[in-house]
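[1] what would the 3D arrangement of this be:
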Amino acid sequence: MGILRTFWNSPIGPKTTHFWGPVVNWSIPIAAMTDTKKPPELISGNMTKVMCVYSALFMRFAYMVQPRNYHLLVCHATNETVQLYQLSRWMKAQGVLSSNYSQTAVSL
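    Okay, here's the model as predicted:
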């Protein structure tokens, strides 16, 4: 019971935005994960690039803010990973990345 009370009253507990901000922010990577099942032609390249920059910037913010918000850091790291995957799918669909390129790079 003491652990729960400590968490409840901590600077990153449920009474703060340091807790609820990341909880709500998880909707972004979850939506991106569900979008991986959709055809790559539906991906907006510009928006995906913006989301990559956004998550990279806020990963740094989550680490630098006091108290450090590891929950937000993990959320943005997850989003960065999924957005980079989506960006690679979009680039392959646009012909910017070809599957032969990765095979050629490995054979060198």
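[2] any weak-confidence spans in the protein?
    Counting by pLDDT under 70, the chain contains low-confidence ranges at 99-108.
[3] need the residue closest to the centroid of it.
    N79 (1.0 Å; C-alpha atoms, centre = their mean).
[4] quick check: it touching L57?
    No - applying C-beta atoms under 8 Å, one finds N79 not in contact with L57, separated by 11.5 Å. In short, each C-beta sits where N, CA and C put it, glycine included.
[5] which residue sits closest to F58, ignoring its sequence neighbours?
    H76 (4.8 Å; C-beta to C-beta, 6 or more residues apart in numbering).
[6] quick check: buried residues in the helix or strand containing the one you found?
    Using DSSP states H and E, H76 sits in helix 70-94. By neighbour count on 16 or more other C-beta atoms under 10 Å, the buried set for helix 70-94 is 71-73, 75-80, 82-83, 86-87, 89-91.
[7] helices or strands up against that helix?
    helix 17-25, helix 27-35, helix 45-64 (3 or more C-beta pairs under 8 Å, 6 or more residues apart in numbering; DSSP states H and E).
[8] just put these in TSV and tack on distance to L4.
    What follows is the helices and strands packed on helix 70-94, written out as TSV (distance: least, C-beta to C-beta, whole Å):
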stretch	distance to L4
helix 17-25	14
helix 27-35	26
helix 45-64	24
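[9] nearest to M1, of the ones you listed?
    helix 17-25 (19.2 Å; C-beta to C-beta).
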